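> Got a predicted structure here, sequence first:
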2 protein chains.
Amino acid sequence: MSELELPEVETETQPETQLDRDDRLRPEFVRAVLDAVEDGDNAAARALVEPLHPADIADLFELTPQEDRAALARAVTDLLDGDVFAEMNDYVREDLIDALEPHQVADLASELDTDDAVAIIEDMDEDEQRAVLRALDPDDRAAIEEALSYPEESAGRLMQRELIAVPEHWTVGDAIDYLRGHEELTTDFWEIFVVDPAHKPIGTCQLSWMLRTPRGIAMADVMKREQTLIPVDMDQEEVALRFQKYALISAAVVDHGGRLVGMITVDDIVHIISEEAGEDTLRLAGAGDGDINEPIRLTVRTRFTWLVVNLGTAMVASSVVGLFQGTIASFALLAVLMPIVSGMGGNAGTQTLAVVVRALATNQLTSSNTKRMIVREFRIATANGIMLGTLIGLGTYVIFRNTDLSVVIAAAMLTNNITAGLSGVLVPITLDKFRIDPAVSSAVFVTTMTDTMGFFSFLGLASLWGLHG
Amino acid sequence: MSELELPEVETETQPETQLDRDDRLRPEFVRAVLDAVEDGDNAAARALVEPLHPADIADLFELTPQEDRAALARAVTDLLDGDVFAEMNDYVREDLIDALEPHQVADLASELDTDDAVAIIEDMDEDEQRAVLRALDPDDRAAIEEALSYPEESAGRLMQRELIAVPEHWTVGDAIDYLRGHEELTTDFWEIFVVDPAHKPIGTCQLSWMLRTPRGIAMADVMKREQTLIPVDMDQEEVALRFQKYALISAAVVDHGGRLVGMITVDDIVHIISEEAGEDTLRLAGAGDGDINEPIRLTVRTRFTWLVVNLGTAMVASSVVGLFQGTIASFALLAVLMPIVSGMGGNAGTQTLAVVVRALATNQLTSSNTKRMIVREFRIATANGIMLGTLIGLGTYVIFRNTDLSVVIAAAMLTNNITAGLSGVLVPITLDKFRIDPAVSSAVFVTTMTDTMGFFSFLGLASLWGLHG
């Protein structure tokens, strides 16, 4: 895994022309490759794909319809290296990997750093996993087996074992000589870790600091002692937040005894930050992980489950309407207006919910400012409720010339807006306190509240007021 | 801005004890600092704050109620350096900066790299901005003025001018000697850019490659020629996607002539990736930028605007119900059940919308796979529509023993689910084609469709079928 591979000098620069202005492969290009494959002209397909960056080759497979992927893979087999697989969507990769022999997967994995190799192997069935591990050389196998022993989505899975650690008594010159003299060391690293005799990290040194310092100076005088260490069992979301907060490029991963066991680099974290931040959008909507490459059966199942839960809550809200059937029968206009009250509450609740879920996810909302946040949302809800209530009350009066109806709908609108604001902030905070992901379950509670309260306040007030047509 | 500041050797490690397990400041700690400030014991407050990382000092200000921030700032003035301001939320920073004299702001800015200095200065009023610029030394002023000449949220604003560029005929040894011999060069960089005589970048060299290579080798033989260049006017969202796609740590920024004018590093991008991904959650919900430090008046205005737009669409949907007042008056049960049909359509539409918006934002959905995506969503909507329709039809039959009603609600549910799926995918794709942000405006169109079609299909079918109580 860790042989010295200095980059080859290549003459052409990146093939920008196959990409549109947003760095996406042009549809004509994708079409041309697939046409070549279909015509059996593998050489032409290969010639088109060869200049692409591994990330773009991965994209090409994702953009190819599932039924054509195997043929494409056969046409460009030798271009499908570990880097391409490391960049590929999980489902698309699994598809392709399933078609390979264990020793082929092992060859791919051995080109990669531990973290990328683990990403390829961790999703395989246990049998196949074992077959691949057997085909690896003992060092790689041991590294990957150890990584797999850590929980999924933990720092232990994300980290690579390939790193540079030096003792503190070394000088900058010693470290440079060591790097130049040992072919087997990794080529890609951004910081060097300085460790004590027990292999505990005592400082981190940016390579730029080393390069700016005379050879004779001790590493201990160049390194920074204040370092951010990552416990090996830390959840990847926490790791991502820590990288973000302290603007880290790489970080040492330590075991329970505080010993250096691996390194995480920011390029692996960038994907996680984007995924975790985007996940909230999908979770709030009940869309699972929203992967467009997921087999359709799984997608239907995830979404259906969520819809059934919502069907339950919709029925609860409906039963509130059921209580007022008599009122509605005598004054059908109430049925016309009631969805406005419940719907607007839903909109206001969703606004608050989105803000609170994001603030929780980014650690901006903590117990230090919870009370301030609740008061803030209450004030916003009241202000908007008064304005919206006035607006809808006036509108109702202008259209229907019914003062009682106008007052009732205005009051219901205010009530439901406050319900929306309070539930939008209290539900996610409460779920978070119990360590339940607020993005997943909040929306169900909040819409149940706003629907129920919307119908109840409007129809209830109308009924109390003795409204009739 | 670019003097050599090698990190000092400090003896303590990070004060983890003031942080909870999620790296957030403990509420007791925040309380203790604010109590000390309130008691006028600035020395105690300073002693507590001093060991904190700049990012944590910034957090402390964000967690402090607005009315207490000025007093806290006075207590710990000397700890408020440029790094703290660079990490701070825009609104909180603006608050504090407003209280400072131009020359104090200039002092802060001159400690920072261009990108961070620009971040502090760009939000100021034009008058104050000019005063600060006057107080800067000429080099810094020129750099910041040039940065401000680029559009907001462009690469030109994000980049720093402090970078290392060397000619291609240099050897590794030449480059190292240059770095050691020039105090004024920047200390923080991860890659060196190799440029031709016209200052156009021809290759990029990771520092680790230099450190692993003997002094005599030419830089041109160590660098990688395939490089990802960032045009100076590229939007920051595109820059972020490019960093993500190609796993970049730093990248050269070039002007229209292809000359190297700056460098962007991944630590500045990480914030943008997280913000942009999180923004979709907030935009879909119409919650503006969802900043919990925004003055409440601005928040109310943003949210109210969105609610009024939705009020309009809710009235359109209501008017559809209005068409069927007669039907409802004779059979009020229809009013009880109709919110279920519209609401479930809304839920299904939101699911599809969230997936499509995310896929567009992450460049996973492109013109190459648009058709596939539409077919996919249509199939999912049909499958879920059939299952939900059956479920609600059976449920209605069990509760109300009315076959006609059951058939009507099942058919309406299927119709509305397909409406939801199709509008959930077609609306954002269409908006994106016209370069309108689909996250901002899609939800209004989709809920209008699902509400309207929900009421229309259910009440319309009921009316056609001649349903009555």
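Here it is on my side, so go on. Numbers count the residues shown, from 1 in each chain, chains lettered A, B, ... in the order given.

> Mind jotting down where the strands sit in chain A?
For chain A, the strands defined by DSSP state E cover A:165-167, A:191-195, A:201-206, A:230-231, A:250-254, A:260-265.

> right, and these - which one's nearest residue A:430?
The minimum distance between residue A:430 and the strands of chain A falls on strand A:230-231, with 28.0 Å, by C-beta to C-beta. Every residue, glycine included, has its C-beta placed from N, CA and C.

> helices and strands around the closest one, which ones?
The contact analysis (3 or more C-beta pairs under 8 Å, 6 or more residues apart in numbering or on different chains; DSSP states H and E) places strand A:230-231 against strand A:250-254.

> is the strand it packs on up against chain B anywhere?
No - using C-beta under 8 Å from any C-beta of the partner chain, strand A:250-254 stays clear of chain B, coming no nearer than 9.4 Å.

> That strand packs against which elements?
Packing partners of strand A:250-254 (3+ C-beta pairs under 8 Å, 6+ apart): strand A:201-206, strand A:230-231, strand A:260-265.

> Same list (those) but as CSV, adding mean pLDDT and mean neighbour count.
Shown next, in CSV, are the helices and strands packed on strand A:250-254 (pLDDT from 0 to 100; neighbours: other C-beta atoms under 10 Å in any protein chain shown):
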stretch, mean pLDDT, mean neighbour count
strand A:201-206, 96, 22
strand A:230-231, 96, 20
strand A:260-265, 96, 25
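
> Switch these over to CSV; also include distance to residue A:153.
Output for these, formatted as CSV (distance: least, C-beta to C-beta, whole Å):
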stretch, distance to residue A:153
strand A:201-206, 23
strand A:230-231, 13
strand A:260-265, 13
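
> Please tell me the pLDDT value assigned to residue A:207.
Listed pLDDT for residue A:207 reads 96.

> correction: residue A:13
pLDDT at residue A:13 comes out at 40.

> quick one: contacts for the closest residue to residue A:270 other than its chain neighbours?
In space, not counting the residues next to it along the chain, residue A:270 is nearest to residue B:244; the distance is 5.3 Å by C-beta to C-beta, 6 or more residues apart in numbering or on different chains. Contacts for residue B:244 (C-beta atoms under 8 Å, 6 or more residues apart in numbering or on different chains) come out as A:270, A:271, A:274, B:273.

> which residues of chain A score low on pLDDT?
A:1-16, A:469 (pLDDT under 70).

> From residue B:291, how far out is the residue nearest the centre of it?
Nearest to the mean C-alpha position of chain A, counting by C-alpha atoms, centre = their mean, stands residue A:275 at 1.8 Å. Remark: distance between residue A:275 and residue B:291 (C-beta to C-beta, to the nearest Å) = 22 Å.

> same question, residue A:439
18 Å.

> between these two, who's got more neighbours?
Between residue A:439 and residue B:291, counted using other C-beta atoms under 10 Å in any protein chain shown, the more crowded position is residue A:439 (25 against 19).

> who are the neighbours in contact with residue A:286?
Contacts of residue A:286 by C-beta under 8 Å, 6+ apart are A:302, A:303, A:306, A:307, A:309, A:310, A:443, B:347, B:350, B:351.

> Can you report how many residues lie near the second one?
Residue A:303 has 25 neighbouring residues, counting by other C-beta under 10 Å.

> State the distance from the residue in the stretch 351-469 of chain A positioned nearest to chain B to residue A:303.
With C-beta to the nearest C-beta, the shortest gap between the stretch 351-469 of chain A and chain B falls at residue A:354, namely 3.6 Å. For residue A:354, the distance to residue A:303 (C-beta to C-beta) stands at 20 Å.

> now residue A:258
In terms of C-beta to C-beta, residue A:258 sits 45 Å off from residue A:303.

> now do residue A:234
For residue A:234, the distance to residue A:303 - C-beta to C-beta - is 31 Å.

> rewinding a little: filter the contacts of residue A:286 down to the buried ones.
By neighbour count, with 16 or more other C-beta atoms under 10 Å in any protein chain shown, the contacts of residue A:286 hold A:302, A:303, A:306, A:307, A:310, A:443, B:347, B:350, B:351 as buried.

> that older thread, please name the nearest non-neighbouring residue to the residue of the stretch 351-469 of chain A closest to chain B.
Leaving aside its chain neighbours, residue A:354 sits nearest to residue B:285 (3.6 Å; criterion: C-beta to C-beta, 6+ apart).

> Equivalent analysis for residue A:154, please.
Computed as C-beta to C-beta, 6+ apart, the closest residue to residue A:154 that is not its neighbour in sequence is residue A:233, at 5.2 Å.

> count of residues packed around the one you found?
13.

> right, and it touches residue A:157 too?
No - contact status for residue A:233 versus residue A:157: not in contact, 10.1 Å apart, counting by C-beta atoms under 8 Å.

> residues shared between the contacts of the two?
In contact with both residue A:233 and residue A:157: A:150, A:151, using C-beta under 8 Å, 6+ apart.

> Quick check: phi and psi at residue A:122.
Torsion angles at residue A:122 (phi, psi; degrees, to the nearest 10) stand at phi -70, psi -30.

> again, but for the one 3 residues further on
Main-chain dihedrals, residue A:125, degrees, to the nearest 10: phi -60, psi 160.

> Tell me how many other residues surround it.
10.

> Quick check: the gap between it and residue A:154.
Taken as C-beta to C-beta, the span from residue A:125 to residue A:154 is 21 Å.

> I'd say residue A:227 and residue A:254 touch.
No - counting by C-beta under 8 Å, residue A:227 stays clear of residue A:254, with 10.2 Å between them.

> if I pick residue A:423, what's in contact with it?
Applying C-beta under 8 Å, 6+ apart to residue A:423 gives the contacts A:349, A:445, A:446, A:449, A:450.

> ok, which stretches of the stretch 301-450 of chain A are helices?
In the stretch 301-450 of chain A, the helices defined using DSSP state H, counting those that start in this stretch lie at A:325-330, A:333-361, A:370-400, A:403-433, A:438-464.

> most packed of those helices?
By mean neighbour count, with neighbours taken as mean count of other C-beta atoms under 10 Å in any protein chain shown, helix A:333-361 ranks first of the helices of the stretch 301-450 of chain A at a mean of 27.

> now the angle from it to helix A:438-464?
Using axes from the mean of the first three to the mean of the last three C-alpha atoms, to 10 degrees, the direction of helix A:333-361 lies 150 degrees away from that of helix A:438-464.

> re earlier: want to throw the strands of chain A into TSV with distance to residue A:138?
As requested, the strands of chain A are arranged in TSV below (distance: least, C-beta to C-beta, whole Å):
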stretch	distance to residue A:138
strand A:165-167	22
strand A:191-195	25
strand A:201-206	27
strand A:230-231	27
strand A:250-254	22
strand A:260-265	18
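
> Determine which of the ones you listed approaches residue A:85 most closely.
Across the strands of chain A, residue A:85 has its closest neighbour in strand A:260-265 (18.3 Å, C-beta to C-beta).

> So what pairs up with residue A:165 in the strands?
Counting by DSSP bridges, residue A:165 is bridged to residue A:193.

> can you pull the contacts of it?
By C-beta under 8 Å, 6+ apart, the contact set of residue A:165 is A:192, A:193, A:194, A:195, A:199, A:201, A:260.

> Let me know how buried the first one is, in neighbour terms.
What it means is residue A:192. When neighbours are counted by other C-beta under 10 Å, residue A:192 comes out with 28.

> Would you quantify the distance from it to residue B:209?
14 Å.

> so the residue of the stretch 351-469 of chain A closest to chain B makes contact with residue B:288?
No - between residue A:354 and residue B:288 there is no contact under C-beta under 8 Å: 9.9 Å.

> intersection of neighbour lists for those two?
Residues touching both residue A:354 and residue B:288 by C-beta under 8 Å, 6+ apart: residue B:282.

> Residue A:190 contacts residue B:208, doesn't it?
Yes - applying C-beta under 8 Å, one finds residue A:190 in contact with residue B:208, separated by 7.0 Å.
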